[in-house]
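Participant: Sharing a model that was predicted from the sequence below.
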Amino acid sequence: MSAKFWRSLLVRTALGVVGISALIGGLVMLSAATEARKVANSEVARRLTELVDTVQNTTSIACFVGDKQLAAELAQGLLRNSEVALVVIRAEGQILAKVGRMSFSDDADELPLGPTHPIVRPVYSPFDATRQIGEITLIPDAQRIGQIVRDEGERIYLILAIQLIAVAAAAVASVLYLIVRPIQRMSDELHRLDATAGQLLPVPVGHERNELGRLAGDINDLAGRLVSTLEDEHALRLQREVDERKFRAIFDNAESGILLTDGSGEVISFNPSFLRLCGLTEGQAPASLKALAWQHGDELLGLIHECADSGRALGGDFLLELADGESRWLSFSFGAVGGGQIQGVVIDVTARKTEEVAARLLAVTDSLTGLGNRAALEQHLGELMGVSGAGFVMLLLDIDGFRRVNESLGLVAGDEVLRQSAYRLRGHLPGAWLARVGADEFAAVLPPGAEADSAAFTALVEAMALPFELHEQPLFLGASIGLVRYPADGTDIPGLLRNADLALERVRREGGQGFRCFEPGMAEQAERRRRMEKDLRLAVQQNELQLYYQPIIDLKENRLAGAEALIRWRHPEQGMISPDVFIPLAEESGMIRDIGLWVLNEASTQLAAWRGAGMDMYVSVNVSVKQIPDDLPAQVVLDTTRSHGIEPDHIALEITEGVLMSDVSHGLAWLESLNQAGFRLYLDDFGTGYSSLSYLKRFPMDTVKVDKSFVRDMSADNNDRALVGAIVMMAKGLGLSTVAEGVETDDQLLLLKALSCRYAQGYLFSKPVPAAEFPALRARINGELALASGM
Amino acid sequence: MNARTLLLSLFLALAAWPALAASDLVVVVNAKSEVGHLSRDDVVNIYLGRYRMLPDGAGQLQSSLTVKPLDYPASSAERAAFYERLVNKSVAEINAYWARLVFSGKVLPPDVVSTSHDVLAFVAANPRAIGYLERARLDGRVRVVYELDAAR
């Protein structure tokens, strides 16, 4: 009720009514006034006409007689009427009388001009109504008429004004009593009303059935609905508050940091964990993620922006520099929650990151030498290859005989060798990037642009040949080195490594202790070897392997004592292939195991057949160093021979010096178990290797086979003869027999006999022959020997 | 006038009326007068005071021909019949007519004589006089200038 009074309904209604009434009244008045003027004019005209009519007879008489006096009197009488201004009476063309209030000319026949129309009436003879004898003219008084009209207008105005006021007053009173007052009362009631207490707005008395009554009803209905809605809302709010508290507790107590941000990284809300993770205290809440010292803040904001744009859930790890100088890895998971807001969940992944870094470093580091490992090498090569136009040299270095160190001296010794090797590498290849890429294999990548320097590699090879100090005991090893050039020798990592390996392999096969650059031919050779390896595998299955037997002659008893079983491979396309070619291949590929077993089995079978046929002899079988001890266990040898009914002392196993050197303990145990089983043990190719007499003493050998190189070059008065003699003597002293290999001439035979060498073997007696030919050969040799001894 | 007289007069009037109504009235002048024949308008103008002059042979009013009309008393049958026939007016109307004119004094009504004898005598004696009477009462001293037919 504080509204300005002119805004009140009452005043507005009054103003409206008065305004409209005034407008309509004004229009009505205007038309009424015009009408009144017309009416007044015609009234005047009518009255004057009537006036003239009353004096018609007299006028007629005056005109008839031409009596001016009578006419003048008549005119004067007419002029007494206030509405008449001038009277003119004419008869027979002459003016009988002209009387008026205004000034005019007596003589002239003219009439004064005015706003009113003159009234002209013809005058007829009193005795002949058809005969006009004159006329009478009346000029109305314009002023007088105007006055009458004005009076009439004023009267209408007055009436209308009174009506207007009455209507407005009635309207105002109606509005006041019918509308304004009840509304005011309802308003006052509404102010006092407490709907929530169930109070209702009373209907104004007398308005029960009209609009106000309905309004009150509507208000009560509305209040009822509002109250019930309010109650629902209240219940809902209570529920929401409970939920809110629940979620708030989760939010506040969550271990993970939770935050709400907008697309530009402005922080809207966050939980205590988020502050703690950011290394902040209560009062240091950040307004924006930009305010924190991220290592890659741009990426973080970019992620948020992308999340806001795409609505996809995104995440990432970011390093945050803390105030105390520490840094912390925080992992963010962002998800859009609508309204342009992004929800982020943050966890501390510093520990995981640290572990990852360590693990990554570990993954590319050789823990023993501190150099890179194979993965690191590939990574390094990848990086170098990524740099366009940068050629470089890589070498692979393999320690010769390293496996023997591990096997004979133990892993600790092996590790020490590797450490020292790494040290030597570092010293001789300054600036090179080094890695240990295999058990005893190192890789060195020279800096891009550095040329391969043969002198440096030679020096390296020599340095590696120097003894390794192990428990104050020097150990002599060596190194094989394969070299490749990028990009000439390979444009990808596997190719480069393979070719380096091929070059290394070539050195190793040539005996180690050297270096070679990769040559395209190596790949072909390797391919050939690979193909042969495949064929060899087939050969074992398809019986392409054969045993040939070469007689061993007892020079003392002049008879054939036994035979050495020699393996042959009859390749379906390439013909005979030398064991010198395929045995190393079998050794490298592990096929030596199956081949070795086949040889033992085949030889036993054959020997059993021959002995069954009354041939008193033994067979010696070659055992590769690779077969000892696991590929040919002593028990397997025993079982195989027994299964054929062969006594162990009819089988000789020929081993090389390498067996004794490679693994002292294993080799010794193998040898001893076979010796105890009763097998004969031959030391093959004696004199070519270390030929240490201490070996002969330590190992339970039966026989020494003197290498054919000594026998071949032996003559009556040279060192070789003396050497063979010394071997024979020494063996005899140790209780061992000797077999001379490669006996080709009678002179050699005579010398050997002179040196008291018990057994001989060679082309002088026979080349190796297939098993089928052997019985005949044996008979011939025995015959010849008997004949010779008989002489 | 007492009631008897009135009744008598009324009787006489009524008695005379049919006789008069049945007979013609004629306007006469002195036999020796220059006036020839008169029109009806001339008679009206003269008797109702418009002109007291007569037109000449060319129709122009001549002051030399000023005439003096004679009339009968207001209650006479001749008078009633005369105005009745001339302008179709009653005597009362004629009286009222004259009443309006006499105020200005410009024109006067015709002189009144009592009988047709008096008319004959006055006209015979006065060359300018003009009178009217029943045709039956004509004599040689006068001359008819206008006739008012009874049948009219």
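Facilitator: Structure's in. What do you need? Residues are numbered from 1 along each chain as shown, chains lettered A, B, ... in the order given.

Participant: going forward, measure contacts and count neighbours with C-alpha atoms only.
Facilitator: Will do.

Participant: Might you report the residue contacts of whichever residue of chain B sits closest to chain A?
Facilitator: Using C-alpha to the nearest C-alpha, the point where chain B gets nearest to chain A is residue B:50, with a distance of 4.8 Å. If a contact means C-alpha atoms under 8 Å, 6 or more residues apart in numbering or on different chains, then residue B:50 has A:64, A:65, A:66, B:44, B:107 as its contacts.

Participant: any idea which helix or strand carries the fourth one?
Facilitator: With secondary structure defined by DSSP states H and E, residue B:44 is part of helix B:40-47.

Participant: Now that helix: average pLDDT?
Facilitator: In this model, helix B:40-47 carries a mean pLDDT of 87.

Participant: Stretch A:400-417 now?
Facilitator: In the prediction, stretch A:400-417 has an average pLDDT of 83.

Participant: hang on, the earlier thing: export the contacts of residue B:50 to a markdown table and tack on distance to residue B:149?
Facilitator: Conversion of the contacts of residue B:50 to a markdown table gives the following (distance: C-alpha to C-alpha, whole Å):
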| residue | distance to residue B:149 |
| --- | --- |
| A:64 | 25 |
| A:65 | 26 |
| A:66 | 30 |
| B:44 | 15 |
| B:107 | 28 |
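
Participant: Can you flag the buried ones in the residues you listed?
Facilitator: With burial judged by 16 or more other C-alpha atoms under 10 Å in any protein chain shown, the buried subset of the contacts of residue B:50 is A:64, A:65, A:66, B:44, B:107.

Participant: Helix, strand or coil: sort out residue A:452 for me.
Facilitator: On the three-state scheme (DSSP: H, G, I helix; E, B strand; the rest coil), residue A:452 is labelled coil.

Participant: Count the neighbours of it for me.
Facilitator: Residues lying near residue A:452 (other C-alpha atoms under 10 Å in any protein chain shown) number 17.

Participant: Could you do the one 10 residues further on as well?
Facilitator: Using other C-alpha under 10 Å, residue A:462 has 14 other residues around it.

Participant: Check for me that it belongs to a helix.
Facilitator: Yes. Using three-state DSSP, the assignment for residue A:462 is a helix.

Participant: Could you measure from it over to chain B?
Facilitator: Taking C-alpha to the nearest C-alpha, to the nearest Å as the measure, residue A:462 and chain B are separated by 187 Å.

Participant: which parts of chain B sit against chain A?
Facilitator: In this structure, chain B approaches chain A at residues B:49, B:50, B:87, B:88, B:97, B:100, B:101, B:103, B:104, B:106, judged by C-alpha under 8 Å from any C-alpha of the partner chain.

Participant: if we go to 10 Å?
Facilitator: B:41, B:44-45, B:48-51, B:86-89, B:97-98, B:100-107 (C-alpha under 10 Å from any C-alpha of the partner chain).

Participant: Sitting in strands, which of those residues do you find?
Facilitator: Secondary-structure check on the residues of chain B next to chain A using DSSP state E: no residue lies within strands.

Participant: pLDDT weak spots in the chain?
Facilitator: Let's take chain A. Flagging of chain A using pLDDT under 70 yields the residue ranges A:1-6, A:102-116, A:388-389, A:661-665, A:689-692, A:716, A:790-791.

Participant: switch to chain B, that's the one I care about
Facilitator: Applying pLDDT under 70 to the predicted model, the residue ranges of chain B that meet it are B:1-22, B:55-59, B:150-152.

Participant: For residue A:271, grab phi and psi.
Facilitator: According to degrees, to the nearest 10, the main-chain angles of residue A:271 amount to phi -110, psi 170.
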